[in-house]
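>>> I'll drop the sequence and a predicted model, then ask my questions.
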Amino acid sequence: MADPELGREGMEAAARAESADIVVGIASYNNARTIGHVVRAVDAGLVKYFPGEKAIIINSDGGSKDSTPEEVLNAKIDHQAVFLSHRVHPVNRITTPYHGIPGKGSAFRAIFKMATELGAKACCVVDADLRSITPEWIELLLSPVLKEGFDFVAPLYSRHKYDGTITNSIIYPITRALYGRKIRQPIGGEFGFSGKMAEFYLNQDVWNTDIARFGIDIWMTTEALAGGFKVCQSYLGAKIHDPKDPGSDLKDMFVQVVGSLMSLTEKHHEQWMTLAGSTDVPTFGFKYMAAVVPINVNTEGMLRHFRIGAENLRDLWAGFMDKEAVSLLVTMAREDAPLFRFPKEAWVRAVYDSLLAYHHRKLAPEHLLKSLIPLYYGRTASFFLETAEMSDEEAESVVEEVAAEYEKHKNYLTANW
Amino acid sequence: MDRITDQIYKHLGTFWEKLMEFIPDALLIILIVASGFIAASFVNHIFQKGFRAVRFDAWSEQIGFTTALRKAGFSISPTKFMGSFLYWFVVVLFFMAGFATLGYEVTDALVSVFFMYLPRFFSAVVIIVLGYFIANFLARAVLIAAVNAGIEYSKLVSESVRIRHLLRNDRPRAGDRLRCGRKRVR
């Protein structure tokens, strides 16, 4: 009988493989251009760093129309090029379509299922559009699990200051303020985790929500933190993938990721209510100066969206924010681009007010989340203007200041919950 | 003089007889109305508890009912508003029932009109309230979508959707019929 997560093909492949020590999952959809490189890097990493372990690469595909599955199966690696002299087990590759809601989360669900079926000790997942992945990434994601006993390994990257704006303005600082651990890339996309963690994920009933789509990354990180699992992060270098202009096509991702964050905040309120401050998590990997790909952004376009939002949504915002706060936003919106600033205090307050509005059901969740998009554009445009002349490191310190602001005002959230 | 005195005594007697006839009726009405107030308090209490259990206030906030109440000048919560509405409805219901028991022609006519219009009244309230909420919800969805699509005059688009929906909702469709008691009203 076909399995709801894996389908017939996946079940047959799992049965053929019988067991595995390591499972590496790659979720894909029309990634024929880049997935070959990813598979070669993964294969080389497994061969080089885990020669004694039985490993399987699983490509969980969303029905690609290009030749993604063929690329996975045909990607060849020159073992001599990675200085390999001996390997006990060959690396098997399985490519299987996943079932359920189309999205990265459903693809991961199939990977969790297969890892559990195969009795894997350690697993990791990597994006299919990566251009900068090296064999060392596999070591850095798996070794903390296999050698140090960690349950969850988050990635740590060098990124361009304009990359990862949702992470920088909301996801990282909120996760840090709520759960008290400084995981810099909670939605990085590449994660390592133990077999126990994979089974835990698989058994959660979330597969018909936004977590089955873009929400999967924040869900994995938050569940690991809230569940008291052993968590660390590994420095992987620069993450180079198909970049996105934060102002152009991040609306759906924003709604799904922030929506998942809000529902997780609701779910785990008993855990975070009592926490204050934050601590570093153990960090593996050797930090170095990595060149990152510059991202071009349309600051003026983002500002325009913010202004339209302030003009048209102020009454809606007043339903869950102070009148003074809304007046400040409207006043800010009148500023010209070079002088425009969205103060971090106002931003943090707006995000906390929206979390409270979600909790107290002041608006339909979809309306609430979509009404935050202009605010996010405003804050992001302000960040771009503020850091225009800064280096990536200096811009990072601005992100840290915002994170500290979230922590400082966490009692506002707790008191009004 | 005696005739005058007789007339006064006669009228006083009639008045006394009428008063004696009316007092039981009045007591009955007072009893029914008093029961009405007790029943209304009970209904109010039960419904307020029920509304709180299903988080009616939060739902009202979502669909814009709370805002509508505020705009209409009510500063109480939607749960309390609904509780008060039901309270006074039950009081009026008992009051009407009290009059009906007397069997007077005038009050009978009033009571029958009241009960005849009750289903129509409730149908109208349900249609208006539902229409209002749906119009608000749609207007808000359009407003947010228009803002995120970068339309400058999003409010105008949203308001036109709201008004269009309300007008369509209020206009009875051809062939709509409401049944009241045994009568069929077109």
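Right, received. Where do you want to start?
>>> Look up the closest residue to the closest residue to chain B within chain A, ignoring the ones flanking it.
Nearest to chain B, among the residues of chain A, is A:R361, at 3.6 Å (CB to the nearest CB). To be clear about C-beta, it is placed using only N, CA and C from the backbone, and glycine gets the same treatment. Closest residue to A:R361 apart from its sequence neighbours, by CB to CB, 6 or more residues apart in numbering or on different chains: B:A58 at 3.6 Å.
>>> ok, now A:T221?
The nearest residue in space to A:T221 (CB to CB, 6+ apart) is A:P186, at 4.1 Å.
>>> What backbone torsions are found at that neighbour?
phi -70, psi -20 (degrees, to the nearest 10).
>>> Which positions in stretch B:131-149 come out as buried?
Across stretch B:131-149, burial judged by 16 or more other CB atoms under 10 Å in any protein chain shown covers B:131-133, B:135-137, B:139-144, B:146-148.
>>> wait, I meant stretch A:285-295
Buried residues in stretch A:285-295 (16+ other CB under 10 Å): A:285, A:290, A:292, A:295.
>>> My guess is the last one contacts A:T165. True?
No: contact between A:I295 and A:T165 fails when scored by CB atoms under 8 Å: they sit 9.3 Å apart.
>>> Out of the buried residues of stretch A:285-295, which are close to chain B?
Among the buried residues of stretch A:285-295, not one lies near chain B by CB under 8 Å from any CB of the partner chain.
>>> Pipe those residues into TSV and attach secondary structure and pLDDT per row.
As requested, those are exported to TSV (DSSP: H, G, I helix; E, B strand; the rest coil; pLDDT from 0 to 100):
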residue	secondary structure	pLDDT
A:G285	coil	89
A:A290	coil	75
A:V292	coil	77
A:I295	coil	82
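>>> now A:A224, what's its secondary structure?
Under DSSP: H, G, I helix; E, B strand; the rest coil, the three-state class of A:A224 is helix.
>>> Which residue, other than its chain neighbours, is closest to it?
A:F152 (3.7 Å).
>>> just checking, that neighbour touches A:K196?
No: here A:F152 does not reach A:K196: they are 10.2 Å apart, not a contact under CB under 8 Å.
>>> For the residue of chain B found nearest chain A, give me the pLDDT.
Closest to chain A within chain B is B:A58: 3.6 Å, counting by CB to the nearest CB. Note on B:A58: pLDDT of 80.
>>> buried sites along stretch A:134-147?
For stretch A:134-147, by 16+ other CB under 10 Å, it's A:135-146.
>>> want to throw those residues into CSV with distance to chain B and pLDDT?
CSV is the format used below for these (distance: CB to the nearest CB, whole Å; pLDDT from 0 to 100):
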residue, distance to chain B, pLDDT
A:P135, 42, 91
A:E136, 41, 93
A:W137, 36, 95
A:I138, 39, 95
A:E139, 42, 95
A:L140, 38, 96
A:L141, 36, 96
A:L142, 41, 96
A:S143, 43, 95
A:P144, 40, 96
A:V145, 41, 95
A:L146, 45, 94
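>>> out of these, which are inside helices?
Using DSSP state H, the subset of the buried residues of stretch A:134-147 located in helices is A:135-146.
>>> tell me which element residue 93 is part of?
I went with chain A, as the question did not name one. strand A:92-97 (DSSP states H and E).
>>> My question was about chain B, not that one.
Using DSSP H and E, the element containing B:L93 is helix B:78-102.
>>> What distance do you get for the residue of chain B closest to chain A to A:E148?
Between B:A58 and A:E148 the computed distance is 45 Å (CB to CB, to the nearest Å).
>>> Please, where are all the helices along chain B?
Under DSSP H, chain B gives helices at B:2-53, B:56-63, B:65-71, B:78-102, B:105-148, B:154-170.
>>> quick one, which of those is nearest to A:E335?
Proximity to A:E335 (CB to CB) singles out helix B:105-148 among these, at 19.0 Å.
>>> so what's residue 40 up against?
Answering for chain A, as no chain was given. Applying CB atoms under 8 Å, 6 or more residues apart in numbering or on different chains, we find A:R40 in contact with A:75-77.
>>> wait, chain B
Counted by CB under 8 Å, 6+ apart, B:A40 has contacts B:86-91, B:94.
>>> residues near the nearest residue to it once chain neighbours are set aside, how many?
Distances taken as CB to CB, 6+ apart put B:V90 closest to B:A40, at 3.9 Å, once the chain neighbours are dropped. Applying other CB atoms under 10 Å in any protein chain shown, we find 19 residues neighbouring B:V90.
>>> what's the spacing between B:V90 and B:G131?
In terms of CB to CB, B:V90 sits 26 Å off from B:G131.
>>> repeat for B:A141
In this view, B:A141 and B:G131 are 16 Å apart by CB to CB.
>>> Run a quick neighbour tally on B:Q62.
Neighbours around B:Q62, by other CB under 10 Å: 24.
>>> That one contacts A:K362, correct?
Yes: applying CB under 8 Å, one finds B:Q62 in contact with A:K362, separated by 6.9 Å.
>>> just to revisit the earlier point, distance to A:T34 added to the ones in helices among the buried residues of stretch A:134-147, as TSV?
Output for those, formatted as TSV (distance: CB to CB, whole Å):
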residue	distance to A:T34
A:P135	16
A:E136	18
A:W137	14
A:I138	17
A:E139	21
A:L140	20
A:L141	18
A:L142	21
A:S143	25
A:P144	26
A:V145	26
A:L146	27
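>>> Domain-wise, how is chain B divided?
For chain B, automatic domain parsing gives the domain ranges B:1-102, B:115-186.
>>> among those domains, which gets the worst mean confidence?
Taking the mean pLDDT of the domains of chain B, domain B:115-186 comes last: a mean of 76.
>>> Quick check, A:D353 in contact with A:A325.
Yes: between A:D353 and A:A325 a contact is recorded at 7.3 Å, counting by CB under 8 Å.
>>> Specify which residue of the two has the higher count of neighbours.
Remark: of A:D353 and A:A325, A:D353 carries more neighbours, 20 against 17, as counted by other CB under 10 Å.
>>> Brilliant, that's me finished.
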